[in-house]
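[1] what would the 3D arrangement of this be:
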Amino acid sequence: MKCASVCVSRVKSNSDVVVVGGGPCGSFTALNLAKKSIDVTVLEEHSEIGVPSHCAGHVSIKGLRDLGLYPLPKDIVENIFNGATFHSPFGKQFSVRFSTPVTCVVNRSLFDKHITRMAEAFGAKYCLDSRVDSLIIKNGHVHGVTIKQEENVVERTSKIVVDAEGVSSRLLKQTKLTCLDRRMLFNGVEVEVDNVKDVDLDSVEVFLGRDYAPGFFAWLIPKPDGFAKAGLVTKTGNPKELLQRLMIKHPVASKKLGRARILQTAFHPVTLGGLIQRMHSHGFLAVGDVASQVKPTTGGGVVLGMNCAKIAADVVAEALNAGDFSEEILSNYQARVGEFLDFDMHVMLGIRKALDRLPDKKLDDAVNLCAKLGLDKVFRNVSDTDLQGRSLLCTLGNPRMLAVLGYFVRLYLSTLSGSICAS
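    Prediction:
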């Protein structure tokens, strides 16, 4: 996708709002600003929107629908799922079947382009091949950015800068805001494969275990005609080597992926540490991965980040109307994001830290317990896979769920006391 304005020198050198990054969070910010007739320019360092792709594109249908984005054009949606199967480290299995389709997998490149076209239709401008080099900061206020393009450095002034640059956090560091927790920055790999065997097309598969994905999990997302997306995120080790081990040696995954051919590979860091401490400064807001608006349980950040992008657009519009771009008025963004996400983030971060402490044998026991207690019946009517704290809260009246939660709490407390040794 080549946008109308690909060279900074060909467009005016100032905008009301500059958005750094043309991923879904940056573009959704621009879309919601453009809908309010606000002059907004998106600066994207790559020559094409959506390339390279940075994630598998497995997203919740309810989340997209709540954002006004579902149904999507048919060419973007690669498959739809109403189930998931979890494989324990030692061969136990737990499957969940929902009463209606809950998630879909999208072609991330086409999805990103779709959001961009929507934003452009409302008047947002895009500049490709435009790597933002630094923020323009005067007396502690952000007044725009400098852009490096070939041998030229161009200044673009603005009233507010929205940082949607991703986990690199180059610009965020210049504001002296606290960046995402590097201790919770994991390494991920995702591959497109064909010649996949024996998969259930309406169910994703999750593989647990330190031998294949230390500190997180691996996945298999089937698509029609023998194609699939597979990948993993790991706290330690080489993600490429771990994925090869999964495909060749895992007792279940190897039967499905052992003869698969890798068509495309992408590597990407994933932030799992919960929201950064502060997401705003004078003339500046952070949106998406750079603000760690990502589920610590699954690493998914598209829907959460786009919700925060919409909040950012609302706050920016209010600041522009008031002619006040100070930290004080932009703190409304922090407050509203907190109101929307704080509870769920704390729950998900607690789950992530608890799971990370459990040895494989205990994870195996937990998966087995979920299957024995019929926990799939508890989740059958759950539709929200993004705000997981609230979804979990809705299940607490069920005796099966209380039994499993009690088991996990006892396990977690025993890890704190040191009575469980890592396997």
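[2] now residue 59: how far from residue 160?
    28 Å (C-beta to C-beta, to the nearest Å). For every residue, glycine as well, the C-beta is placed using N, CA and C.
[3] repeat that for residue 261.
    Counting by C-beta to C-beta - residue 261 and residue 160 are separated by 47 Å.
[4] okay, the two: which has more neighbours?
    residue 160 (27 against 12; other C-beta atoms under 10 Å).
[5] could you export the one helix or strand the more buried one maps to as CSV, CA atoms only?
    Residue 160 is part of strand 152-163, with elements assigned from DSSP states H and E. Output of strand 152-163 as CSV, limited to C-alpha atoms (Å, rounded to 0.1, in the frame of the first residue of the first chain):
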residue,chain,number,x,y,z
ASN,A,152,17.7,14.6,5.0
VAL,A,153,16.4,15.5,8.4
VAL,A,154,13.1,17.3,8.4
GLU,A,155,11.3,18.9,11.3
ARG,A,156,7.5,18.4,11.6
THR,A,157,5.9,20.5,14.3
SER,A,158,2.6,19.5,16.0
LYS,A,159,0.6,20.4,19.0
ILE,A,160,0.5,16.8,20.2
VAL,A,161,2.6,13.7,19.4
VAL,A,162,1.0,10.2,19.8
ASP,A,163,3.7,7.6,20.1
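[6] ok, and what's touching the very next helix or strand once past it?
    Sequence order places helix 170-174 as the next helix or strand after strand 152-163, per DSSP H and E. With contacts defined as C-beta atoms under 8 Å, 6 or more residues apart in numbering, helix 170-174 is touched by 20, 132, 134-135, 137, 145, 161, 163, 165, 179, 276, 286, 290.
[7] I'd like the next helix or strand past helix 170-174.
    Immediately after helix 170-174, counting by DSSP H and E, sits strand 185-194.
[8] buried residues, that following strand. List them.
    For strand 185-194, the neighbour count (16 or more other C-beta atoms under 10 Å) marks 185, 186, 187, 188, 189, 190, 191, 192, 193 as buried.
[9] closest to residue 209 among those residues?
    Using C-beta to C-beta, residue 186 is the member of the buried residues of strand 185-194 that sits closest to residue 209, with 15.4 Å.
[10] so how far is residue 14 from the closest one?
    39 Å.
[11] next: residue 270.
    35 Å.
[12] so residue 128 touches residue 50, yeah?
    No. Using C-beta atoms under 8 Å, residue 128 makes no contact with residue 50, being 11.3 Å away.
[13] residue 94 sits in which helix or strand?
    strand 93-97.
[14] okay, now the unreliable bits of the stretch 301-423 of the chain?
    412, 415-423 (pLDDT under 70).
[15] residue 233 in helix, strand or coil?
    Recorded secondary structure, residue 233: strand (DSSP: H, G, I helix; E, B strand; the rest coil).
[16] pLDDT at it, what is it?
    If you check residue 233, the pLDDT there is 98.
[17] neighbours of it, just the number please.
    Residue 233: 24 neighbours (other C-beta under 10 Å).
[18] now do the one 10 residues further on
    Residue crowding around residue 243 was assessed by other C-beta under 10 Å; the count is 25.
[19] so what does it look like in phi/psi?
    Residue 243 adopts backbone torsions of phi -70, psi -40, taken as degrees, to the nearest 10.
[20] contacts only, for it.
    Counted by C-beta under 8 Å, 6+ apart, residue 243 has contacts 189, 191, 218, 230, 231, 232.
[21] just checking, the last one touches residue 239?
    Yes. Contact status for residue 232 versus residue 239: in contact at 6.2 Å, counting by C-beta under 8 Å.
[22] between those two, which one's more packed in?
    residue 232 (25 against 22).
[23] could you measure from the more buried one over to residue 182?
    Counting by C-beta to C-beta, the gap from residue 232 to residue 182 is 20 Å.
[24] residue 257 reaches residue 220, doesn't it?
    Yes. Counting by C-beta under 8 Å, residue 257 touches residue 220, with 7.0 Å between them.
[25] what touches both of the two?
    With C-beta under 8 Å, 6+ apart as the test, residue 257 and residue 220 both reach 196, 228, 230.
[26] and the last one, how many neighbours?
    Put plainly, it is residue 230. Using other C-beta under 10 Å, residue 230 is surrounded by 26 other residues.
[27] what's it sitting at in phi/psi?
    Torsion angles, degrees, to the nearest 10, at residue 230: phi -130, psi 160.
[28] same deal with residue 258?
    According to degrees, to the nearest 10, residue 258 has phi -60, psi -30.
[29] list the contacts of it.
    Listed by C-beta under 8 Å, 6+ apart, the contact partners of residue 258 are 247, 248.
[30] that older thread, compare residue 270 and residue 14 (neighbour count), which wins?
    Between residue 270 and residue 14, residue 270 has the larger neighbour count (other C-beta under 10 Å), namely 24 against 15.
[31] mind jotting down where the helices sit in the stretch 201-350 of the chain?
    Under the criterion DSSP state H, counting those that start in this stretch, the stretch 201-350 of the chain contains helices at 239-249, 253-257, 302-322, 327-357.
[32] buried residues in the third one, which are they?
    Applying a neighbour-count criterion of 16+ other C-beta under 10 Å, the buried positions in helix 302-322 are 302-317, 319-320.
[33] just the angle for that helix relative to strand 152-163, thanks.
    Interaxial angle, helix 302-322 versus strand 152-163 (axes from the mean of the first three to the mean of the last three C-alpha atoms, to 10 degrees): 100 degrees.
[34] what about stretch 63-82, how long is it end to end?
    With C-alpha to C-alpha, to the nearest Å as the measure, the first residue of stretch 63-82 is 15 Å from its last.
[35] so which bits of it are buried?
    Quick answer for stretch 63-82 (16+ other C-beta under 10 Å): 63, 64, 66, 67, 69, 72, 76, 77, 78, 79, 81, 82.
[36] can you check stretch 46-63 too?
    So for stretch 46-63, counting by 16+ other C-beta under 10 Å, buried means 48-50, 53-63.
[37] and these, which is closest to residue 250?
    residue 56 (18.1 Å).
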